[in-house]
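Novice: Structure, please.
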Amino acid sequence: MLGAGATHYNLMIYGGSFWLVRLPLGWLLGHHIWQSASGIFAAMLVSQCLQTCIMLHVVLRCNWARFAMRRQRQ
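Specialist: Numbering: from 1, shown residues only. Purely as a prediction, here's the structure:
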């Protein structure tokens, strides 16, 4: 996806899952529920699994032809 010119997808997916899932879930699991580093590592795992699922969905469902490099006439 990086080479296809769709870098904004990566930015939104990785940034969103980090700020909206990993940090709040890490705080909740690590400080309140499990009260150990295991909660933080579990939050990282959940966040990365979510990132992978969303990226796979975007790769399989988006129209990648519009991001392809087109040959220009000289």
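
Novice: Would you mind listing where the chain has pLDDT under the threshold?
Specialist: 1-6, 64-74 (pLDDT under 70).

Novice: L56: neighbour count?
Specialist: 10 (other Cβ atoms under 10 Å). For glycine as for every other residue, the C-beta is placed from the backbone atoms N, C-alpha and C.

Novice: Could you do V58 as well?
Specialist: Other residues close to V58 by other Cβ under 10 Å number 16.

Novice: Then S47?
Specialist: 19.

Novice: got it, and V59?
Specialist: With other Cβ under 10 Å as criterion, V59 counts 13.

Novice: Need the residues that contact the biggest helix by length in the chain.
Specialist: The longest helix of the chain (DSSP state H) is helix 37-61. Helix 37-61 is contacted from outside by 1, 9-10, 13-14, 17-18, 21-22, 25-26, 28-31, 33-34, using Cβ atoms under 8 Å, 6 or more residues apart in numbering.

Novice: can we see that at 7 Å?
Specialist: 1, 9, 13-14, 17-18, 21-22, 25-26, 29-30, 33 (Cβ atoms under 7 Å, 6 or more residues apart in numbering).

Novice: Quick check: ChimeraX command selecting the buried ones in those residues.
Specialist: Selection command for ChimeraX covering only the buried members of the contacts of helix 37-61, criterion 16 or more other Cβ atoms under 10 Å:
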select :1,9,13,14,17,21,22,25,26,29,30
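
Novice: need the contacts of helix 37-61 in CSV with secondary structure and distance to L56, can you?
Specialist: Formatted as CSV, the contacts of helix 37-61 follow (DSSP: H, G, I helix; E, B strand; the rest coil; distance: Cβ to Cβ, whole Å):
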residue, secondary structure, distance to L56
M1, coil, 11
Y9, helix, 12
I13, helix, 10
Y14, helix, 14
S17, helix, 13
F18, helix, 18
V21, helix, 16
R22, helix, 18
L25, helix, 21
G26, helix, 23
L29, helix, 25
G30, helix, 27
I33, helix, 29
